[in-house]
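Novice: here you go, sequence then predicted model.
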Amino acid sequence: MYRVRVRVPADARITVEEMLLGITEASSSTVVEGGETEVLGYSRQPPDTHAFEQALEGVGIPAPTCLLEPVPDEDWVSRGLARLPPVRAGRFVLRGRHLPACSSGRNDICIDAGPAFGTGHHPTTATMIEMLAHLAQRRFRPQLALDMGTGAGALAIVMARLWRCPVLAADNDPAAVRCARENVVRNGVARWVDVVEADGYDAIGSVFDVVAANLFARPLRVMAPALARSLSTRGYAALSGLLVRQRLPVLRAHVDQGLTVRRTVRRDNWLTFLLARSHAPR
């Protein structure tokens, strides 16, 4: 068993815990002196800590050194899962398999992140779900929806529950694709959700009425032209995964493609946007 140890600013704890679940099998954290948090990840195989440091830089977290050390072989995965409480986002409750289902079956979503990003504990997951629910409350009825960079599949499952329409869940990580497929079946939406391995919008080649992309600032900015090509004339795009200080270049990239901001939600230091074409009715 191996342990990754990394110190980060306290306000980055949730993000780093979730990102560690992309390279390890369980994570935890402890507050230390100086306004920092020590985040720990546990894995049966030695993870690529250099790539993880680069990923931290990519989301705007100063890249500290990740220490990798062997530890006694204990059931760290179960211990890590046991500390994750359910998350409420609008009418939905996201929980791990270690927790019982909530009383309303249609609003209960069981997410096992495994090697994929997306347990639902990051603030952007809740705000993305709330943004999609806002669209549904306006009686918007998409014919086809996309969850780009689906991770564990939470947003794809939510869209299937909201609209009962075909949903494509795409990720370029084979491990995430496997995990999302398992979660789709576990939540009873396999009829609606198709999970595919694809590297970006152009690899899919379809047009969607709703696009959900909870990524990071750089891929959001770089993929803006492809997103615009993949969005129907009446469509909406919900974007998140960027910090407040990263908003201007991301927004400019999408405005340059003829998209405008229709709604903004801020939670902690994270932003979620709802975009539509400039000529689309409000």
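Specialist: Sure, I can see it. Note that the coordinates shown come from a computational prediction; the quantities given were computed from them, not determined experimentally.
Novice: pretty sure Asp11 contacts Asn269?
Specialist: Yes. At 6.3 Å, Asp11 and Asn269 qualify as touching, with contact defined as Cβ atoms under 8 Å. C-beta: built from backbone N, CA, C; applies to glycine.
Novice: pretty sure Val16 sits in a helix.
Specialist: Yes. Assessed with DSSP: H, G, I helix; E, B strand; the rest coil, Val16 lies in a helix.
Novice: and the helices in the stretch 151-282 of the chain?
Specialist: Ranges of helices within the stretch 151-282 of the chain are 154-163, 174-186, 217-222, 224-230, 247-255, based on DSSP state H, counting those that start in this stretch.
Novice: residues in contact with the first one?
Specialist: Helix 154-163 is contacted from outside by 92, 94, 106-107, 109, 111, 118, 120, 125, 128-129, 132-133, 135-136, 141-142, 145, 147, 150, 165, 167-169, 180, 183-184, 187, 189, 192-193, 195, 210, 212, 214, using Cβ atoms under 8 Å, 6 or more residues apart in numbering.
Novice: state the distance from Ala12 to Phe52.
Specialist: Computed as Cβ to Cβ, to the nearest Å, the Ala12 to Phe52 distance reads 13 Å.
Novice: show me the common contact partners of those two, please.
Specialist: Going by Cβ under 8 Å, 6+ apart, no residue sits against Ala12 while also sitting against Phe52.
Novice: just the pLDDT for the residue of the chain most remote from its centre.
Specialist: Computed with Cα atoms, centre = their mean, the residue of the chain farthest from its C-alpha average is Pro72, at 31.3 Å. Here, the pLDDT recorded for Pro72 equals 70.
Novice: quick one: contacts for it?
Specialist: Pro72 neighbours (Cβ under 8 Å, 6+ apart): Met1.
Novice: what's the mean pLDDT across stretch 214-234?
Specialist: 94.
Novice: quick revisit: in JSON lines: the helices of the stretch 151-282 of the chain, plus distance to Ser206 and mean neighbour count.
Specialist: Compiled in JSON lines, these are given as follows (distance: least, Cβ to Cβ, whole Å; neighbours: other Cβ atoms under 10 Å):
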{"stretch": "helix 154-163", "distance to Ser206": "15", "mean neighbour count": "27"}
{"stretch": "helix 174-186", "distance to Ser206": "17", "mean neighbour count": "20"}
{"stretch": "helix 217-222", "distance to Ser206": "19", "mean neighbour count": "18"}
{"stretch": "helix 224-230", "distance to Ser206": "7", "mean neighbour count": "19"}
{"stretch": "helix 247-255", "distance to Ser206": "19", "mean neighbour count": "17"}
